[in-house]
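Chemist: Structure of the sequence below:
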Amino acid sequence: MPPALSRQSLLLVYLLALALLWSNAYFLLVNHPAAHTPAELSYLRMAQGDFEVPAPLRYQVVVPLLARGLAYGARGLANLISPADKPPFGFSFFLVNTLLLAGAGLLTFRSAVATGAAPSSALLGTAALLTCGTATYVAGRLVVDSALVLVVALLYYAILARSGPALLTAVVLGPLLTESFLLFLPVVLFCGGFARWGLRLLALAAGLLLLVAGHWAVDTLLAPTPAAGSNPTVLAYSHLLAGNWGGLLAGAGAFFPFNLVLLAGGWGGLAAMRQWLAPLRPVPTLLLLLAVLGQVLLGGETNWLLAGPVVGVAVALILDRHPLFAPWRRVAGLAPLPETE
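Modeler: Numbering: from 1, shown residues only. Take a look at the predicted model:
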């Protein structure tokens, strides 16, 4: 049985996750060049209330709307720091993204603990997610990937902890963030048997209804005329797919140096690998990673961050169970685990 964690302990883990993200991402925020990528400019325009941007970016409204509300709410405080009268959109994106990614870090920690990993190993697994360069980029720039990372972390936690409410929440919220969340539905359908079929189908229907309602609201209320040069969503995704094959190679170094721990997990033969692979639940993990691969093809190399919860849990289990890391367990004060036959 995994140890029960108090709310105070979880709050401390969340604050640690914030600390791991904050300084590097804030340094990036205040020091990167003023020029933004086309996607960043689109999200900035959406935060400013202009939704005349190309599809499919115009439907990824959750983070821009949160950043907009925060920016206008914090304008008075920002004026104490700077005389500029413009709302601090850059800082509001930073704050929203950092808070959401810290939530993903907390869920990664809870996922690792749910598999039986010690809290000390789970903390290092959480660090594998939050200290990678992609996490710093997502937290410090005007992008929206943090919300999807949080929902994917919630989905993976639901699978490992067999939590029906977490699974249903992820299914309801995921499609609203991006249509490509539907790539994760095989994980829900084939590996979510701990939640009743009726509830899963009802949650999926609710998620699709939110997706349709979100598209209708954007097209009818926020941007009633098509953006110049915008493509239909399916055609836009096809263009993205054609241009993102190079992003597949970025996964090899996305979580350095923790990917060296993953490589070490393959040392020692099948007996050593079974020590940590079994609690990882290979089938749902593989399905989730295949969905991440599809996201990388559709959205570029920053989507490797969606694999972060899997990487974090795997790192925690390898540190906790693989014979190669017995010295770490002695330093951490962990009891040695029995060898698998």
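
Chemist: Just the pLDDT for residue 272.
Modeler: Per-residue pLDDT puts residue 272 at 80.

Chemist: I'd like the numbering to begin with 31 instead of 1 from here.
Modeler: In the new count, where the first residue is 31, that last one comes out as residue 302.

Chemist: That one touches residue 352, doesn't it?
Modeler: Yes. Judged on CB atoms under 8 Å, residue 302 makes contact with residue 352 at a distance of 5.9 Å. Heads up, the C-betas are built off the backbone N, CA and C, glycines and all.

Chemist: What ranges in the protein fall below the confidence cut-off?
Modeler: Where the chain drops to pLDDT under 70, the residues are 31-34, 63-65, 105-115, 253-283, 362-371.

Chemist: In contact with the residue most central in space within it: list those residues for me.
Modeler: By CA atoms, centre = their mean, the chain has its centre lying nearest to residue 179, at 1.4 Å. Residues counted as contacts of residue 179 (CB atoms under 8 Å, 6 or more residues apart in numbering) are 130-131, 134, 168, 335-336, 338-339.

Chemist: If we use 10 Å, what do you get?
Modeler: Residues near residue 179 by CB atoms under 10 Å, 6 or more residues apart in numbering: 127, 130-131, 133-135, 137-138, 159, 164-165, 168, 207, 332-333, 335-339.

Chemist: rewinding a little: now list whatever residues contact both of residue 302 and residue 352.
Modeler: Common contact partners of residue 302 and residue 352 (CB under 10 Å, 6+ apart): 294-296.

Chemist: could the residues you listed be laid out in a markdown table, adding distance to residue 237, neighbour count and secondary structure?
Modeler: A markdown table is the format used below for the shared contacts of residue 302 and residue 352 (distance: CB to CB, whole Å; neighbours: other CB atoms under 10 Å; DSSP: H, G, I helix; E, B strand; the rest coil):
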| residue | distance to residue 237 | neighbour count | secondary structure |
| --- | --- | --- | --- |
| 294 | 39 | 16 | helix |
| 295 | 34 | 23 | coil |
| 296 | 37 | 13 | coil |
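
Chemist: and of those residues, the nearest to residue 175?
Modeler: Of all those, residue 175 sits closest to residue 295, with 26.6 Å by CB to CB.

Chemist: so that closest one sits right up against residue 307, yeah?
Modeler: Yes. Applying CB atoms under 10 Å, one finds residue 295 in contact with residue 307, separated by 8.2 Å.

Chemist: Show me where the chain has its strands.
Modeler: For the chain, strands defined by DSSP state E do not occur.

Chemist: so how many other residues sit close to residue 61?
Modeler: 8 (other CB atoms under 10 Å).

Chemist: Against residue 165, how distant is it?
Modeler: Using CB to CB, to the nearest Å, we find residue 61 at a distance of 17 Å from residue 165.

Chemist: Residue 198 now?
Modeler: Distance from residue 198 to residue 165, by CB to CB: 27 Å.

Chemist: do residue 101 as well
Modeler: Distance from residue 101 to residue 165, by CB to CB: 22 Å.

Chemist: Comparing the two, which shows the higher neighbour count?
Modeler: Neighbours around residue 101 and residue 165, counted as other CB under 10 Å, are more numerous at residue 165. The numbers are 30 against 22.

Chemist: Give me the distance from stretch 318-336 to the chain's centre.
Modeler: Stretch 318-336 sits 11 Å away from the centroid of its parent chain (CA atoms, centre = their mean, to the nearest Å).

Chemist: Can I get it in CSV, CA atoms only?
Modeler: C-alpha atoms of stretch 318-336 as CSV (Å, rounded to 0.1, in the frame of the first residue of the first chain):
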residue,chain,number,x,y,z
LEU,A,318,-0.3,7.1,-23.6
LEU,A,319,3.2,7.4,-25.2
LEU,A,320,1.7,6.6,-28.6
ALA,A,321,-0.8,9.4,-28.1
VAL,A,322,2.1,11.8,-27.1
LEU,A,323,3.9,10.8,-30.3
GLY,A,324,0.8,11.8,-32.3
GLN,A,325,0.7,15.1,-30.4
VAL,A,326,4.4,15.7,-31.3
LEU,A,327,3.6,15.2,-35.0
LEU,A,328,0.6,17.6,-34.8
GLY,A,329,2.1,20.2,-32.5
GLY,A,330,5.9,20.1,-32.5
GLU,A,331,8.6,19.1,-30.2
THR,A,332,7.3,21.0,-27.1
ASN,A,333,4.6,18.3,-26.9
TRP,A,334,7.3,15.9,-25.6
LEU,A,335,6.5,17.5,-22.3
LEU,A,336,3.3,15.5,-22.3
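
Chemist: That's all I had, so thanks and see you.
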